[in-house]
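>>> Sequence and predicted structure, then a few things I'm wondering about:
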Amino acid sequence: MIYTVTFNPALDYAVYLDEFVPGAVNRTSQESLCCGGKGVNVSIVLHNLGVETVALGFLAGFTGRIIRTWLGEMGVASDFIPLSHGMSRINVKIKYQGETEINGQGPDIDQKALQSLFEKLDRLGEGDTLVLAGSIPASIPADIYQQILARLQGRGIRYVVDATGRLLENVLEYHPFLIKPNHTELGEICGCTLDPEDTQAIARCARSLQARGARNVLVSMAGAGALLISEDGQSFRQAAAKGTVRNSVGAGDSMVAGFLAGWEQHHDYQKALRLGTAAGGATAFSPNLADRAGVEAVLHSLSI
């Protein structure tokens with residue numbers, strides 16, 4: 001079973017504008033509302049690809065109730081912890097001459113709620129996969145990812161971490177099965193600027209994170225595709241999917257979901273990379289998260 005943890009789930013409200021005038025009344029040409037948060041996104045795409053998953057995390061207020069209800073209607077299993085105060089955040093995505101995001105803060109998470117999460121995670125065991133994705137709220141300890149992985153060490157659980165900066169660096173010692181920085185995030189960790197076309201430099205930086213503990217490093221490189229440095233010493237390059245980008249929100253999460261689905265199905269790193277790239281592309285080319293039909297269509301169009 002693949003479990004995801006999202007500390008700060010959201011409702012993502014996307015508004016499309018034909019023009020935008022600051023300080024004036026602006027009217028949308030199109031709008032959409034959907035569940036969001038990196039771990040939630042991973043669980044949705046895994047479910048769409050037929051992989052069993054449970055979404056964990058925290059929900060609060062009427063927005064939290066909407067998120068729980070919608071996931072249930074989609075058939076995505078969840079076991080969220082309800083918070084007694086505040087409300088789950090609403091993130092606004094403005095689609096005008098690119099994408100502008102305004103993300104809410106979300107509710108405070110107290111120690112009692114955090115302990116409830118630990119108790120749920122204690123049920124995981126041999127063969128399970130745990131995905132920790134995204135930033136963490138200011139109300140919980142900055143080392144929460146480390147606390148979780150330290151607590152679960154030695155149980156045969158695969159860890160996947162999709163985070164940035166110190167949050168990612170600090171978990172490397174726990175040997176995560178997969179980490180997924182993009183080339184910009186990878187460069188920030190390594191103290192350099194990486195050109196997405198310079199796969200040799202990207203591979204060197206990725207291998208430096210392997211040397212610090214990561215088992216597999218998947219680097220998304222925007223239009224240049226993706227690069228996987230696998231734990232068996234191999235390097236796999238996958239060209240980007242071809243299509244018109246309509247939505248970049250959730251594309252990286254979809255890549256993680258596709259990779260994990262591919263690994264569950266084939267236990268083959270190259271096939272997992274291809275399915276991950278297809279899932280990321282399918283989300284980018286549609287207004288919503290990728291569904292099975294969209295992923296399969298992009299998969300058939302991929303070149304090596």
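Cool, got the structure.
>>> Backbone dihedrals for the residue nearest in space to the middle of the chain, both of them.
By C-alpha atoms, centre = their mean, the chain has its centre lying nearest to Asp253, at 3.0 Å. Backbone torsions of Asp253, given as degrees, to the nearest 10, read phi -60, psi -40.
>>> And it, how close does it get to Gly106?
Separation of Asp253 from Gly106 (C-beta to C-beta, to the nearest Å) stands at 17 Å. Backbone N, C-alpha and C define where each C-beta goes, glycine included.
>>> Please, where are all the helices along the stretch 51-200 of the chain?
In the stretch 51-200 of the chain, the segments counted as helices under DSSP state H, counting those that start in this stretch are 61-74, 111-121, 144-152, 165-169, 183-190, 199-211.
>>> Out of those, indicate the one that is most buried.
helix 183-190 (a mean of 19; mean count of other C-beta atoms under 10 Å).
>>> so who does Asn103 touch?
Residues in contact with Asn103, defined by C-beta atoms under 8 Å, 6 or more residues apart in numbering, are Ala10, Arg89, Asn91, Val92.
>>> List the beta-bridge partners for the second one.
When bridges are assigned using DSSP bridges, the partners listed for Arg89 are Ala10.
>>> tell me the pLDDT at it?
Listed pLDDT for Arg89 reads 94.
>>> mind listing what's buried in the helix or strand where Gly258 lies?
For Gly258, the host element (DSSP states H and E) is helix 251-266. Going by neighbour count (16 or more other C-beta atoms under 10 Å), the buried part of helix 251-266 is 251-264.
>>> the inter-axis angle of it versus helix 183-190?
90 degrees (axes from the mean of the first three to the mean of the last three C-alpha atoms, to 10 degrees).
>>> now the strand or helix carrying Gly280 and helix 251-266, what's the angle there?
Using DSSP H and E, Gly280 maps to helix 269-284. Relative orientation of helix 269-284 with respect to helix 251-266: 140 degrees, computed using the same axes, to 10 degrees.
>>> mind checking how far helix 269-284 is from the chain centre?
Its chain's C-alpha centre and that of helix 269-284 lie 13 Å apart, by C-alpha atoms, centre = their mean, to the nearest Å.
>>> for stretch 45-60, same thing?
11 Å.
>>> what is the mean pLDDT for that stretch?
Mean predicted confidence for stretch 45-60 is 97.
>>> Same question for it: list its buried residues.
So for stretch 45-60, counting by 16+ other C-beta under 10 Å, buried means 45-49, 51, 53-60.
>>> among these, which are in strands?
Judged by DSSP state E, the subset of the buried residues of stretch 45-60 located in strands is Thr53, Val54, Ala55, Leu56, Gly57, Phe58, Leu59, Ala60.
>>> Quick one: these as JSON lines, columns for distance to Ser230 too.
Converted to JSON lines, these look like this (distance: C-beta to C-beta, whole Å):
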{"residue": "Thr53", "distance to Ser230": "23"}
{"residue": "Val54", "distance to Ser230": "27"}
{"residue": "Ala55", "distance to Ser230": "27"}
{"residue": "Leu56", "distance to Ser230": "28"}
{"residue": "Gly57", "distance to Ser230": "29"}
{"residue": "Phe58", "distance to Ser230": "34"}
{"residue": "Leu59", "distance to Ser230": "36"}
{"residue": "Ala60", "distance to Ser230": "40"}
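>>> List just the nearest of the residues you listed to Met221.
Thr53 (26.4 Å; C-beta to C-beta).
>>> show me the contacts for that closest one.
Neighbouring residues of Thr53 by C-beta under 8 Å, 6+ apart: Met1, Ile2, Tyr3, Thr4, Val42, Ser43, Leu46, His47, Val76, Ala77.
>>> which residues does the second one bridge with?
Which is Ile2. Thr53, Thr129.
>>> so what strands line up beside the host helix or strand of Leu228?
Taking DSSP H and E as the criterion, Leu228 maps to strand 226-229. Using DSSP bridges, strand 226-229 pairs in its sheet with strand 216-220 (antiparallel), strand 235-238 (antiparallel).
>>> low pLDDT regions in the stretch 51-200 of the chain?
The stretch 51-200 of the chain contains no residues with pLDDT under 70.
>>> one step back: with just CA atoms, put the helix holding Gly258 into CSV.
C-alpha atoms of helix 251-266 as CSV (Å, rounded to 0.1, in the frame of the first residue of the first chain):
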residue,chain,number,x,y,z
ALA,A,251,2.6,18.0,-12.7
GLY,A,252,5.5,17.1,-10.4
ASP,A,253,3.3,15.3,-8.0
SER,A,254,1.8,13.4,-10.9
MET,A,255,5.4,12.4,-12.0
VAL,A,256,6.0,11.0,-8.5
ALA,A,257,2.7,9.0,-8.7
GLY,A,258,3.4,7.7,-12.2
PHE,A,259,6.9,6.6,-11.2
LEU,A,260,5.6,4.8,-8.2
ALA,A,261,2.8,3.2,-10.2
GLY,A,262,5.3,2.1,-12.8
TRP,A,263,7.6,0.6,-10.2
GLU,A,264,4.7,-1.2,-8.5
GLN,A,265,3.7,-2.7,-11.8
HIS,A,266,7.1,-3.6,-13.4
